[in-house]
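Engineer: Build me a structure from this.
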Amino acid sequence: MLRAFFCMTALLAISPCAFGQVASSDTQTLQALLSELRALRQDLRVSLNRTQGSQILLARLQLQEEAVTRASDHLNDARQKLFEARVRQRELSSELKRTEEALNTAANPADNPQDLQDRIKRTKSDLEIAGNMAQQQQTTETQAEQQLRDEQDKLSAIEGQLDELVRTMGSTAQNSGRNRP
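Structural biologist: Coordinates of the predicted model:
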């Protein structure tokens, strides 16, 4: 009986110690799980922020590509108008030369040199207007070229940001894979 009493007392004394150790192990496990959960939540926040940043950057890239396309179209239009203005200038210049030659070689006074002189004045006036138009178109072309360069620079900057984001995401994924068991 004494033996049974001694065994019962020993069991009762050992039980609380064993439960305390189990509780300590459970607390450590819960703390580890909680830390892991917090780290995962932080990773998720960072990932969502990067995803949102990527989407915004891609939208900006698309808008900038459209701006470059518009600027390129504007430059092409300006070049075409400049070309047309220069062609018109050459045509008028040729017409002026022909008319002046006709006036100088007019052997017959009945050819009405006054008509030729009026045509020369009118052609000179038209030539001056065409020269002004060509000069305006040259200015427009220069401005369009500058605008296209500016838009292309902006596009390059956005592409650089996108490249940097991709590099950052790649290095973060590698680091994250190394840190995880």
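Engineer: From the chain's centre, how far out is the host helix or strand of Thr140? Work that out for me.
Structural biologist: Following DSSP states H and E, one finds Thr140 within helix 113-179. Distance of helix 113-179 from its chain centroid, counting by Cα atoms, centre = their mean, to the nearest Å, is 16 Å.
Engineer: pLDDT weak spots in the chain?
Structural biologist: 1-23, 106-112, 172-181 (pLDDT under 70).
Engineer: Compute the inter-axis angle for the helix ranked longest in it and helix 113-179.
Structural biologist: Longest helix of the chain, by residue count under DSSP state H: helix 2-104. Counting by axes from the mean of the first three to the mean of the last three Cα atoms, to 10 degrees, helix 2-104 lies at 170 degrees to helix 113-179.
Engineer: Does anything pack onto the helix holding Thr140? Which helices or strands?
Structural biologist: Applying 3 or more Cβ pairs under 8 Å, 6 or more residues apart in numbering; DSSP states H and E, one finds that helix 113-179 contacts helix 2-104. Quick note: C-beta positions are derived from backbone N, CA and C, even for glycine.
Engineer: which helices and strands does the helix it packs on pack with?
Structural biologist: helix 113-179.
Engineer: dump the residue contacts of Glu145.
Structural biologist: Leu75 (Cβ atoms under 8 Å, 6 or more residues apart in numbering).
Engineer: distance between the longest helix of the chain and the chain's centre?
Structural biologist: For helix 2-104 - counting by Cα atoms, centre = their mean - the centre lies 14 Å from the chain centre.
Engineer: please renumber so the chain begins at 9
Structural biologist: From this message on, residue numbering opens at 9, which makes the last subject helix 10-112.
Engineer: Can you report how many residues neighbour Ala86?
Structural biologist: 20 (other Cβ atoms under 10 Å).
Engineer: any idea how far it is from Leu173?
Structural biologist: Separation of Ala86 from Leu173 (Cβ to Cβ, to the nearest Å): 35 Å.
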